[in-house]
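Asker: The sequence isn't on hand, but the structure is:
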């Protein structure tokens with residue numbers, strides 16, 4: 001006869017009481033001798049202090065459960081059980097120390113061997129990572145420390161993914177075919193990625209990815225993904241596939257994911273489940289890029305570009321501020337430090353200085369409207385013959401047309417505040433179309449483009465009384 005035995009977990013792992021499974025215990029299959037263990041523990045429970053009793057309470061529906069278990073771990077991979085209930089407080093104390101980063105006494109631990117996941121996968125590189133964060137790979141290898149990490153990670157996924165069924169999260173996180181990479185800040189797990197690798201196909205499916213809400217908007221999500229890419233390289237993983245909801249598409253795009261799947265369909269079709277309402281996204285991992293050093297590489301590239309800029313420009317030179325205005329005195333533009341070094345000369349004063357009328361609200365409003373109209377005319381499909389001036393090599397054109405005009409010239413006049421009246425702007429445009437019809441025959445494509453563009457211009461201005469009046 002088999003029975004379920006309650007394995008208390010330390011409260012330091014941050015288990016939520018609303019999790020998909022019981023918040024204090026994990027049921028595993030055990031022979032009939034465990035029934036006596038539960039009874040013995042119940043008989044001596046009154047001898048424990050109040051603090052220990054609160055952590056060791058065993059739900060009655062587990063102590064009296066039948067031996068029917070849907071999933072059972074192999075004998076050599078089961079979680080070790082304590083042979084005597086009286087030893088649980090010290091064991092939990094050591095387990096809590098192990099979770100917080102200190103080394104418990106091997107003699108008092110339930111298992112003196114390290115987790116298989118920790119032995120096979122050393123911590124990831126930390127070249128581009130903060131000193132306070134680290135990464136720890138973990139999976140359900142039956143070790144107590146691994147179970148604590150997975151339960152903590154499961155709780156983060158359950159809180160950050162409220163629409164995901166908690167039983168589904170538990171099933172995948174604890175599944176032995178899935179692997180997880182925990183993001184740790186100090187000794188506390190603050191996020192992670194749960195994935196399933198398909199080594200024979202060369203890709204991995206990202207199932208869950210989340211960071212606790214109190215640690216978000218600090219760049220931890222990008223560092224987690226970069227460390228994850230480096231973590232799977234030795235496994236032969238070349239692609240990531242994931243189904244992202246509308247809230248996660250932006251994040252995955254920043255991490256190099258695209259909606260276009262370039263991996264051959266025969267490599268992944270039938271291996272991953274199709275989710276309704278999710279967008280399939282792919283990320284190709286490059287073996288030539290060290291993702292944990294991306295920030296350092298970008299910084300080196302930036303420094304190199306700035307160094308080249310300093311060689312051809314003086315924009316990096318900072319001059320002292322102006323003090324002439326403290327005494328209410330005037331100062332010539334040429335006397336300002338750095339102006340002439342930037343390429344300024346006195347000939348620019350009359351060419352770019354707008355007249356006093358440009359400060360009026362009405363004229364500024366007209367300038368803005370003219371700019372919008374010109375922008376739309378440039379984008380019109382029939383404006384291509386009129387965007388730039390006619391090439392000077394066409395001498396016959398300039399012999400016929402004495403006053404040429406084009407959209408680029410109109411834009412230049414607009415930027416130098418030469419359209420002080422709406423009539424000047426309208427006249428210049430009609431000059432473009434009239435010149436075209438005057439030089440080209442009626443059956444030419446240029447003639448037809450002029451008619452279509454003129455019709456578009458009239459449609460743009462007809463609804464604005466300030467322009468047509």
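Answerer: That came in fine, so what should we check first? Since we're looking at a predicted model, the values are computed, not measured.
Asker: quick one, helices of the stretch 201-350 of the chain?
Answerer: For the stretch 201-350 of the chain, the helices defined by DSSP state H, counting those that start in this stretch cover 220-232, 249-254, 265-268, 294-312, 348-352.
Asker: Could I get the buried residue list for the second one?
Answerer: In this case it means helix 249-254. By 16 or more other C-beta atoms under 10 Å, the buried positions in helix 249-254 come out as residue 252. Every residue, glycine included, has its C-beta placed from N, CA and C.
Asker: go on, the third one?
Answerer: Of the residues in helix 265-268, 267, 268 count as buried by neighbour count, 16+ other C-beta under 10 Å.
Asker: what about residue 153, which helix or strand?
Answerer: Using DSSP states H and E, the element containing residue 153 is helix 144-160.
Asker: And the contacts of whatever helix or strand comes next after that helix?
Answerer: Following helix 144-160 in sequence order, the next helix or strand is helix 166-173 (DSSP H and E). Helix 166-173 has contacts (C-beta atoms under 8 Å, 6 or more residues apart in numbering) with 19-21, 150, 153-154, 157-158, 161, 178, 180, 194, 196, 207-208.
Asker: Please apply the same query to stretch 312-319.
Answerer: Against stretch 312-319 from outside (C-beta under 8 Å, 6+ apart): 306, 309, 310, 337, 338, 341, 342.
Asker: Can you tell me which of those residues is nearest residue 366?
Answerer: Of all these, the one sitting nearest residue 366 is residue 342; the distance, using C-beta to C-beta, is 31.5 Å.
Asker: end to end, how far does stretch 152-167 reach?
Answerer: End-to-end distance for stretch 152-167, by C-alpha to C-alpha, to the nearest Å: 15 Å.
Asker: Throw the helices of the stretch 201-350 of the chain into a markdown table and include distance to residue 428, thanks.
Answerer: As requested, those are exported to a markdown table (distance: least, C-beta to C-beta, whole Å):
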| stretch | distance to residue 428 |
| --- | --- |
| helix 220-232 | 51 |
| helix 249-254 | 44 |
| helix 265-268 | 57 |
| helix 294-312 | 38 |
| helix 348-352 | 19 |
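Asker: Single out the most deeply packed of those helices.
Answerer: Sort these by mean neighbour count, taking mean count of other C-beta atoms under 10 Å, and helix 220-232 sits at the top with a mean of 22.
Asker: That helix relative to helix 294-312, how many degrees between them?
Answerer: Interaxial angle, helix 220-232 versus helix 294-312 (axes from the mean of the first three to the mean of the last three C-alpha atoms, to 10 degrees): 110 degrees.
Asker: Give the other helices and strands that helix 220-232 contacts.
Answerer: strand 133-138, strand 179-185, strand 188-198, strand 203-211 (3 or more C-beta pairs under 8 Å, 6 or more residues apart in numbering; DSSP states H and E).
Asker: Output these as TSV; include the columns mean pLDDT and distance to residue 314.
Answerer: Shown next, in TSV, are these (pLDDT from 0 to 100; distance: least, C-beta to C-beta, whole Å):
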stretch	mean pLDDT	distance to residue 314
strand 133-138	94	41
strand 179-185	95	45
strand 188-198	95	46
strand 203-211	94	44
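Asker: So for stretch 271-282, mean pLDDT?
Answerer: Stretch 271-282 comes out with an average pLDDT of 87.
Asker: buried residues in it?
Answerer: 272, 280, 281, 282.
Asker: returning to what we had before: would you list the helices of the stretch 201-350 of the chain in JSON lines and tack on distance to residue 319 and mean pLDDT?
Answerer: Listed next are the helices of the stretch 201-350 of the chain as JSON lines, based on distance: least, C-beta to C-beta, whole Å; pLDDT from 0 to 100:
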{"stretch": "helix 220-232", "distance to residue 319": "38", "mean pLDDT": "94"}
{"stretch": "helix 249-254", "distance to residue 319": "38", "mean pLDDT": "92"}
{"stretch": "helix 265-268", "distance to residue 319": "60", "mean pLDDT": "92"}
{"stretch": "helix 294-312", "distance to residue 319": "16", "mean pLDDT": "90"}
{"stretch": "helix 348-352", "distance to residue 319": "19", "mean pLDDT": "61"}
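Asker: So which of the ones you listed is nearest residue 365?
Answerer: The nearest among the helices of the stretch 201-350 of the chain, by C-beta to C-beta, is helix 348-352 at 21.2 Å.
Asker: how much space between residue 420 and residue 366?
Answerer: 9 Å (C-beta to C-beta, to the nearest Å).
Asker: do the same with residue 384
Answerer: Taken as C-beta to C-beta, the span from residue 384 to residue 366 is 27 Å.
Asker: who has more neighbours, the two?
Answerer: With neighbours defined as other C-beta atoms under 10 Å, residue 384 and residue 366 compare such that residue 366 has more, 20 against 12.
Asker: Surely the more buried one and residue 423 touch.
Answerer: No - if you go by C-beta atoms under 8 Å, residue 366 and residue 423 don't touch, sitting 11.1 Å apart.
Asker: which regions of the stretch 51-200 of the chain lie under the pLDDT threshold?
Answerer: 51-131 (pLDDT under 70).
Asker: thought residue 236 was touching residue 203?
Answerer: No - with contact defined as C-beta under 8 Å, residue 236 does not count as touching residue 203 (9.7 Å).
Asker: which of the two has more neighbours?
Answerer: residue 203 (25 against 12).
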